[in-house]
Each structure stands twice: as structure tokens, then as C-alpha cells.
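> curious how this folds, go ahead:
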Amino acid sequence: MPIVRVIVRGVVQGVGFRDFVMRQAETRHVAGWVRNRRDHSVEAVFSGTDDQVDAMIDICGKGPGGSRIDDVAQSPATDDDLALRHPGEIFSWLATA
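The predicted structure is shown next:
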């Protein structure tokens, strides 16, 4: 299964973006995590089938109401990246990095 990192830039903090991503990931049974970054972007790692991961990337490009998406950059991630999840969780909300 692919593991992909996305960095979402725009108005993505203070608008419920992480909660939106987490709910969408849980609905689609996607593993991974989401967190704010100090540069005001949001970072996420997704693991699942190609279709599941593609759907999450598309969702990040839309965002919740109140957000404005300027860019969604994606790159391959690793098992080590995925392992940053909280123990026992399929999808985690991590502290700001």
C-alpha cells in the first residue's frame, strides 16, 4: 500500500482543517496522521489503497468551509513516517511541528 505525505498551504489553520482531514480519513479507513506546522501549513501522511490515498489528496485540495487551498504538495513517505501515529490509533492528530 502506498504511503504519501502531503503539505497543504493556504488558509488551513484555525478553520477546522485537521479535524476535517481526520474525519475523512476515518470514514475512508485510511491510516496516517495530520498536524499543523509552524509555517502555517498542514502536513498529513496517508496510507491505504491507491484509491483511498488519491481520495484523501483530493479532499485536501478542497478543504472544509472557511479554508482556502493554495497548494497541495505530495511526496512519498515511509513506514517510519507512518509510525509517528499514536500507539493503537489508525489515524492520529499530532502536535504541531
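
> now do the same for the nearest residue to residue 41 once chain neighbours are set aside: helix, strand or coil?
Computed as C-beta to C-beta, 6 or more residues apart in numbering, the closest residue to residue 41 that is not its neighbour in sequence is residue 9, at 4.7 Å. For glycine as for every other residue, the C-beta is placed from the backbone atoms N, C-alpha and C. Classification of residue 9 by DSSP: H, G, I helix; E, B strand; the rest coil places it in strand.

> show me what contacts residue 9?
40, 41, 69, 70, 71, 72, 73 (C-beta atoms under 8 Å, 6 or more residues apart in numbering).

> try residue 75
4, 5.

> phi, psi of it?
Backbone torsions of residue 75, given as degrees, to the nearest 10, read phi -150, psi 160.

> start the count at 27 instead of 1 going forward.
Taking 27 as the first residue, the last one we looked at is residue 101.

> quick check: bridge partners of it?
Beta-bridge partners for residue 101, by DSSP bridges, are residue 31.
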